[in-house]
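Participant: heads up, no residue letters with this:
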């Protein structure tokens, strides 16, 4: 009988971390010797392409009871994929300790407020093992949250080949056409979540300094909590365009001449891996896990941060 692995992962919103899990789930475990099940909260976005093995904790008391069973069962492994610490779960684990929990860090630990960080420290202490996606993340988990080095395993991120990424839905089927560009102009781009750790204000500032050069365009793909502030910062720039959310990153990357990754925090940086598939040069910040992907002067350039972070 196959051992059961429960993946506790949020899939209600569309994001790079969640998409990477979905790709792993769809492409990587077809012949697994384990039985895999997903427990999530809220509606699963259909664009992840996961059609089986998903249970929603919000919809059924039976599902919640099953979750508790798996938490303490000696025959199950519960995989917490980039999950924060739930005070309710912490109370349960204090009363009913278990030894078959696996944590998986993909960025949530990097910018936690003090109160949440304290809960997270309790959470990681309950894990029998902890997976991280870079040596930088291993250092953070070890030094900031006290996870013993012997409990940490570095599992580098993977991204699917371009041929395995297809558009879904009629509104995205024409992305290759949507990003067609003028070959006479240099197109510089960014793709990712529009949020503080991504350092996008620095790219917009660079765009303002290049505003007089009519041969350079800057395209920013993605959405997120900082979108309104970033659009306000870029007001008046005719050489900079926000293109919104992108389903197939390769369609966007193939339209670029240069990718910029100006992050101030970045556990690894999947977009650099995707750029490699497209043979696209990258300029990135020399921070955290980015230096584990980019070889300075060969696959791109790494620029050390020299100024304090400013927000629009």
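Facilitator: That came in fine, so what should we check first? Note that this is a predicted model, so its numbers are computed, not measured. Numbers count the residues shown, from 1 in each chain.
Participant: Check which helix or strand residue 92 maps to.
Facilitator: Using DSSP states H and E, residue 92 sits within helix 87-95.
Participant: The helix or strand following that helix - what's its average pLDDT?
Facilitator: Sequence order places strand 101-105 as the next helix or strand after helix 87-95, per DSSP H and E. Averaging pLDDT along strand 101-105 gives 91.
Participant: and if you look at stretch 204-222?
Facilitator: Rounded mean pLDDT across stretch 204-222 is 88.
Participant: What of stretch 231-244?
Facilitator: Over the span of stretch 231-244, the pLDDT mean works out to 93.
Participant: pretty sure residue 82 is touching residue 104, no?
Facilitator: Yes - Residue 82 sits in contact with residue 104 when judged by C-beta atoms under 8 Å, with a separation of 6.2 Å. From N, CA and C alone the C-beta is placed, and that goes for glycine too.
Participant: What is whatever helix or strand residue 228 lives in packed up against?
Facilitator: Using DSSP H and E, residue 228 sits within helix 227-233. Packing partners of helix 227-233 (3 or more C-beta pairs under 8 Å, 6 or more residues apart in numbering; DSSP states H and E): helix 200-209, strand 240-244.
Participant: Same list, the ones you listed, but as a markdown table with mean neighbour count and distance to residue 144 please.
Facilitator: Converted to a markdown table, these look like this (neighbours: other C-beta atoms under 10 Å; distance: least, C-beta to C-beta, whole Å):
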| stretch | mean neighbour count | distance to residue 144 |
| --- | --- | --- |
| helix 200-209 | 19 | 25 |
| strand 240-244 | 17 | 34 |
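Participant: just so I know, which of those lies nearest residue 70?
Facilitator: Ranking these by proximity to residue 70 (C-beta to C-beta) places strand 240-244 first, at 38.7 Å.
Participant: all strands for the stretch 101-250 of the chain, in order.
Facilitator: Taking DSSP state E, counting those that start in this stretch as the test, the strands found in the stretch 101-250 of the chain are 101-105, 129-132, 152-154, 186-191, 216-221, 240-244.
Participant: Name every strand pairing with the first one and say which way it goes.
Facilitator: Next to strand 101-105 in the sheet, as set by DSSP bridges, lie strand 76-81 (parallel), strand 129-132 (parallel).
Participant: and if you look at the shortest one?
Facilitator: Using DSSP bridges, the strands paired with strand 152-154 in its sheet are strand 129-132 (parallel).
Participant: what's the strand it pairs with in contact with?
Facilitator: Here strand 129-132 makes contact (C-beta atoms under 8 Å, 6 or more residues apart in numbering) with 102-105, 124, 138, 141, 147, 151-155, 267.
Participant: Would you mind listing which of those residues are buried?
Facilitator: Neighbour counting by 16 or more other C-beta atoms under 10 Å classes 102, 103, 104, 105, 124, 138, 141, 147, 152, 267 among the contacts of strand 129-132 as buried.
Participant: With distance to residue 7 as added columns, please give these in TSV.
Facilitator: Below are the buried ones among the contacts of strand 129-132 laid out as TSV (distance: C-beta to C-beta, whole Å):
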residue	distance to residue 7
102	10
103	12
104	9
105	15
124	18
138	21
141	19
147	20
152	19
267	19
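Participant: of the residues you listed, closest to residue 24?
Facilitator: Nearest member of the buried ones among the contacts of strand 129-132 to residue 24, counting by C-beta to C-beta, is residue 104, at 10.6 Å.
Participant: which residues touch residue 134?
Facilitator: Taking C-beta under 8 Å, 6+ apart, we find residue 134 in contact with 154, 156, 157, 267, 268, 288, 289, 292.
Participant: Give the burial count for residue 19, as a bare number.
Facilitator: 21 (other C-beta atoms under 10 Å).
Participant: Just to be sure, it is in a strand?
Facilitator: No - looking at residue 19 with DSSP: H, G, I helix; E, B strand; the rest coil, it is helix, so not inside a strand.
Participant: Pull the contacting residues for it.
Facilitator: Applying C-beta under 8 Å, 6+ apart to residue 19 gives the contacts residue 48.
Participant: From the centre of this structure, give me the residue that's furthest out.
Facilitator: Most distant from the centre of the chain: residue 212, at 34.5 Å, with distances by C-alpha atoms, centre = their mean.
Participant: Next one: that residue relative to residue 233, how far apart?
Facilitator: As for residue 212, its distance to residue 233 is 18 Å (criterion: C-beta to C-beta, to the nearest Å).
Participant: same question, residue 105
Facilitator: As judged by C-beta to C-beta, residue 105 and residue 233 stand 31 Å apart.
Participant: Could you do residue 98 as well?
Facilitator: In terms of C-beta to C-beta, residue 98 sits 47 Å off from residue 233.
Participant: would TSV of the contacts of residue 134 with distance to residue 113 be doable?
Facilitator: Formatted as TSV, the contacts of residue 134 follow (distance: C-beta to C-beta, whole Å):
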residue	distance to residue 113
154	26
156	28
157	25
267	18
268	23
288	19
289	22
292	27
